[in-house]
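Undergrad: Curious how this folds, go ahead:
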Amino acid sequence: MSTQAPTISMVAGTTYRFSAAWASEDAAATPVDLTGCEATFVVATTQGTALLTCETGNGIELVPSEGGINVHIRPEQTAGAVSPEWSGARYELRITFPNGDVFSLLRGHFQLTPGVIHG
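TA: Next comes the predicted model:
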């Protein structure tokens, strides 16, 4: 899986979902077995302070046999005024295997914009 990911752009206080499938790089593109794995998705400031976090069972669902990763950012995670801390924010999705191996699957920029509708 290439770690080159698009910029995620979302409106503050809304829902954002995305899915990814991790497969081997061989010709068969066999799904990576995620049984027993934990996933973490973090959006952080340019200094590394977490602005939002999703984890397995709390915003991330794994589909182990398919190498599937489903991420769900809830409206309350980005609700309110868009502070300057969000400027230049970046994200990363990591998978941790039961043996302790950690893989960074996706990294990119995260853009949060204020909505027009409030409340």
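
Undergrad: Tell me where this protein is predicted with low confidence.
TA: For the chain, the stretches flagged by pLDDT under 70 are 1-4, 119.

Undergrad: What helices and strands are in contact with the strand ranked longest in it?
TA: The single longest strand within the chain, with elements called by DSSP state E, is strand 102-113. Packed against strand 102-113 by the contact rule (3 or more CB pairs under 8 Å, 6 or more residues apart in numbering; DSSP states H and E) you find strand 8-11, strand 90-96. The way it works is simple: take the backbone N, C-alpha and C, and place the C-beta from them, glycine included.

Undergrad: which outside residues touch stretch 47-59?
TA: The contact list for stretch 47-59, computed with CB atoms under 8 Å, 6 or more residues apart in numbering, reads 37-45, 60, 62, 71-74, 77-78, 85-86, 89.

Undergrad: change it to 7 Å
TA: 38-45, 60, 62, 71-74, 77-78, 85-86, 89 (CB atoms under 7 Å, 6 or more residues apart in numbering).

Undergrad: out of the residues you listed, which are buried?
TA: 38-45, 60, 62, 71-74, 77-78, 86, 89 (16 or more other CB atoms under 10 Å).

Undergrad: most remote residue from the chain's center?
TA: The C-alpha centroid of the chain is most remote from A27, which lies 26.7 Å away (CA atoms, centre = their mean).

Undergrad: still on that earlier bit, in CSV: the helices and strands packed on strand 102-113, plus distance to L105 and mean neighbour count.
TA: Below are the helices and strands packed on strand 102-113 laid out as CSV (distance: least, CB to CB, whole Å; neighbours: other CB atoms under 10 Å):
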stretch, distance to L105, mean neighbour count
strand 8-11, 14, 16
strand 90-96, 5, 19
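
Undergrad: Show me the one of the ones you listed that comes nearest P114.
TA: Closest approach to P114 among the helices and strands packed on strand 102-113 (CB to CB): strand 8-11, 7.4 Å.
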